[in-house]
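**Q** Pasted the sequence and its predicted model underneath.
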Amino acid sequence: MSNLSGFVKRVRDIMRNDAGINGDAQRIEQIVWMLFLKVYDAKEQDWELDDDSYESIIPEECRWSNWAVDDKSGTAMTGDKLLDFVNNTLFPTLKKLPVDVSTPIKKAIVQTTFADANNYMKDGVLLRQVINVIDDLDLSDYEESHAFGEIYESILKELQSAGSAGEFYTPRAVTDFMAKMIKPQIGEKMADFACGTGGFIISWLKELKKQVKTTEDEMKYGNSIYGIEKKQFPYMLCVTNMLLHDLDVPQVFHDNSLLRDVLDYTTDDQVDVVLMNPPYGGSEKMEVKNHFPADLASSETADLFMSVIMYRLKAGGRAAVILPDGFLFGTDNAKVAIKKKLFSEFNVHTIIRMPHSVFAPYTSITTNILFFEHTGPTKETWFYRLDMPEGYKNFSKTKPMKLEHFAPAMEWWDNRQELNIDGFDKAKKYTAQELADRTYNIDLCGYPHEEEEILPPKELIQQYQEKRASLNAEIDRILQQITEILGVELDE
């Protein structure tokens, strides 16, 4: 397995010499479409062994083993000939593969994966060198294939420092903690409606795998996930991730969860469990907001996803969702309406306040994990503040968050008690009425000694906009109460 060590570095070093590649984001995207075809080719060889009648959706000349493999006889395509084939035959063919509703998922994913993919490399000789490094991976060897799954994780982590691509990656410690606390059961269907590279799905499968005992369990395990991702690049990463984790029929779709009327969802669209980190900080157009009831039609992306989750969670189902601080303290009309619906129809039993820099370097916005169940209205909610581990000032690429950092929260989880440190609440229980009386400004058990942090301009503006909107809504509410008491009308 020596060829695995330094795999990413070797490929990156070759690509650095290519004039067509600009930065890590393009470099990783370039690696991924080749990896996908290599992994898919290995899968197809297995499928052909299991099924004599199996036919590939990919035309023979475009299958990895027929154009990419270099048998060292000197006949492998390289230089301009290879570049011409990739740009003018391979990509146009895969983008236009005939796919309709009857096409099996495991075949349709090739077309959806390549729909918006790009070849950035301009040097056919360097392209050949990269292909050879990738083709050297022996995915038919169980140990090497398993080890490559770990390598793939490192590629996904690279995304965190590859500009905006980092938004698709939630630290594995966080997804693993949420999956553990949600306690997967065989036979349940889990969904992530903005699944990025598939981190929550992988953590769910890892936790569920412990319960697989029979062939029937194995089948239910394979059918237990449902993912949607609207952006092409993370979708490609996610599908490759699923194939590497032996999900031959990955039920992951290239689509936008916000482009369907939430009132149109039926019980068939509902799932047992939702695990996700909705995109936040985005602002949606009016056409997107039109898919939501007027009182829930926020312009903030994370708010809209919360509504999708509420409409798509089965009765008795449970969810763990990451949301920014702005959701907790926001008291604008839409946020209040969403939180009112959440607390009156769902049991929001636990909110874990996470320390800052969990998502560094992609964003410094502080986040929280909301755990809730579709089992009737909230009676009481526990807030728990997870402090920065000893010896850490910030999380970073070299000092990322680890699952062990959640140990205090896990110990507290099964033996809940209120905690107060230096006069500040670390864990505290509130009744639903107490939260409603605060107009659902539920910024509770926060961090008492936050150091001043210099945020990037875009995040600073966003943070101030959220705080201003919250403050304005609070002032409007108090003014309304005063005018009602005095019986007077204020001029608009």
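**A** It's in. The shown structure was predicted, so the numbers you read here are calculated from the model rather than taken from an experiment.
**Q** Now do the contacts for residue 415.
**A** Residue 415 makes contact with no residue, according to C-beta atoms under 8 Å, 6 or more residues apart in numbering. For the C-beta atoms, the positions are set from N, CA and C on the backbone; glycine is no exception.
**Q** That one falls within a strand, correct?
**A** No - in this structure, residue 415 is coil, not part of a strand, as judged by DSSP: H, G, I helix; E, B strand; the rest coil.
**Q** For residue 447, see how far away it is.
**A** 23 Å (C-beta to C-beta, to the nearest Å).
**Q** go on, residue 81?
**A** 60 Å.
**Q** Who has more neighbours out of the two?
**A** Between residue 81 and residue 447, residue 447 has the larger neighbour count (other C-beta atoms under 10 Å), namely 17 against 12.
**Q** The more buried one contacts residue 353, correct?
**A** Yes - with contacts counted by C-beta atoms under 8 Å, residue 447 reaches residue 353, the gap being 7.3 Å.
**Q** so what strands line up beside the longest strand along the chain?
**A** Longest strand of the chain, by residue count under DSSP state E: strand 313-324. Paired strands of strand 313-324, with direction, are strand 271-276 (parallel), strand 367-373 (antiparallel) (DSSP bridges).
**Q** Off-centre distance for that strand?
**A** 15 Å (C-alpha atoms, centre = their mean, to the nearest Å).
**Q** Buried by neighbour count: which residues of that strand qualify?
**A** For strand 313-324, a neighbour-count test (16 or more other C-beta atoms under 10 Å) marks 313-314, 317-324 as buried.
**Q** what about residue 348, which SS state?
**A** The local conformation at residue 348, judged by three-state DSSP, is strand.
**Q** Who are the contact partners of it?
**A** 342, 370-372, 378, 381.
**Q** Check residue 20 too.
**A** If a contact means C-beta under 8 Å, 6+ apart, then residue 20 has 120-123 as its contacts.
**Q** now, which of the residues you listed sits nearest residue 293?
**A** Nearest to residue 293 among these is residue 120, at 43.2 Å by C-beta to C-beta.
**Q** Check the contact between the closest one and residue 29; I expect there is one.
**A** Yes - counting by C-beta under 8 Å, residue 120 touches residue 29, with 7.3 Å between them.
**Q** ok, these two, which is more surrounded?
**A** Neighbour count, other C-beta under 10 Å: between residue 120 and residue 29, residue 29 has more, with 21 against 16.
**Q** Contact partners for residue 195?
**A** 201, 227-229, 234, 238, 252, 276.
**Q** what's the helix or strand for the residue nearest to it when sequence neighbours are not counted?
**A** Of all residues not flanking residue 195 in the chain, residue 227 sits nearest, at 3.6 Å (C-beta to C-beta, 6 or more residues apart in numbering). Residue 227 belongs to strand 225-229 when elements are defined using DSSP states H and E.
**Q** Please name every helix or strand in contact with that strand.
**A** If you count contacts as 3 or more C-beta pairs under 8 Å, 6 or more residues apart in numbering; DSSP states H and E, strand 225-229 packs onto strand 190-192, helix 199-209, helix 232-244, strand 252-254.
**Q** May I have the strands that pair with that strand, each with its orientation?
**A** Sheet pairing here is set by DSSP bridges, and for strand 225-229 it gives strand 190-192 (parallel), strand 252-254 (parallel).
**Q** which other residues reach that strand?
**A** Contacts to strand 225-229, defined as C-beta under 8 Å, 6+ apart, come from residues 168, 189-196, 198, 201, 204-205, 235, 238, 247, 250-257, 271.
**Q** will you turn the contacts of residue 348 into a markdown table that also has distance to residue 114, neighbour count and pLDDT?
**A** Output for the contacts of residue 348, formatted as a markdown table (distance: C-beta to C-beta, whole Å; neighbours: other C-beta atoms under 10 Å; pLDDT from 0 to 100):
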| residue | distance to residue 114 | neighbour count | pLDDT |
| --- | --- | --- | --- |
| 342 | 39 | 21 | 97 |
| 370 | 36 | 22 | 98 |
| 371 | 38 | 20 | 98 |
| 372 | 38 | 25 | 98 |
| 378 | 45 | 22 | 98 |
| 381 | 45 | 23 | 98 |
